[in-house]
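Undergrad: everything below, folded, please.
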Amino acid sequence: MERVRSCDPRKSHDEALHREQYFFHREDPLFQDHFPGRPVIPGSLLVSCFHKTASRWLAGTASASTWVLHGVSNARFVAFGEPGCVEVRMEGFCPHDDGILLDVSAVQNGKLLAHARLRYEPS
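TA: Numbers count the residues shown, from 1 in each chain. Predicted structure coming up:
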């Protein structure tokens, strides 16, 4: 998996607070076992992309705090993702107690793959 700037710059995207693209190589050995004959991106890797995308966005905010992931909730995996480009969109945030809640989703070729809410708190 690698982070890329854009998988297809010709496509238009709806509004999101922040977005990043990740490319999953079909030749990666993990796809030999997940699943033979029909490679599918593991949900754990999508959640990892959610965290990386949110962490980079939080690092660029004006806040002086260092944010730590304290939970993932409302995670839903709604479609299988194939090797290739996946866009992770951070679609909303709201303050929560001393932390912040971030809504993120993964989309491939216009199809929603997964979404979740991440909870970060200052370290």
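
Undergrad: helices or strands next to the longest helix along the chain in the packing?
TA: Criterion DSSP state H: the longest helix present in the chain is helix 43-59. Contacts defined by 3 or more C-beta pairs under 8 Å, 6 or more residues apart in numbering; DSSP states H and E place helix 43-59 against strand 18-24, strand 67-77, strand 84-96, strand 99-108, strand 111-122. Glycine gets a C-beta too; all of them are placed from N, C-alpha and C.

Undergrad: would a markdown table of the ones you listed with distance to Asp33 and mean neighbour count be doable?
TA: Rendered in a markdown table, the data for the helices and strands packed on helix 43-59 read as follows (distance: least, C-beta to C-beta, whole Å; neighbours: other C-beta atoms under 10 Å):
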| stretch | distance to Asp33 | mean neighbour count |
| --- | --- | --- |
| strand 18-24 | 14 | 19 |
| strand 67-77 | 18 | 13 |
| strand 84-96 | 18 | 17 |
| strand 99-108 | 21 | 22 |
| strand 111-122 | 20 | 18 |
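
Undergrad: which stretch in those has the least confidence?
TA: With a mean of 91, strand 84-96 has the lowest mean pLDDT of the helices and strands packed on helix 43-59.

Undergrad: chain center to that one: distance?
TA: The chain centroid and the centroid of strand 84-96 are separated by 6 Å, computed with C-alpha atoms, centre = their mean, to the nearest Å.

Undergrad: parallel or antiparallel, which strands does it pair with?
TA: With DSSP bridges as the test, strand 84-96 is paired with strand 18-24 (antiparallel), strand 99-108 (antiparallel).

Undergrad: these two touch, right, Phe93 and Leu102?
TA: Yes. The pair formed by Phe93 and Leu102 meets the contact definition of C-beta atoms under 8 Å, at 4.8 Å.

Undergrad: need the contact list for Arg76.
TA: Ala114, His115, Ala116 (C-beta atoms under 8 Å, 6 or more residues apart in numbering).
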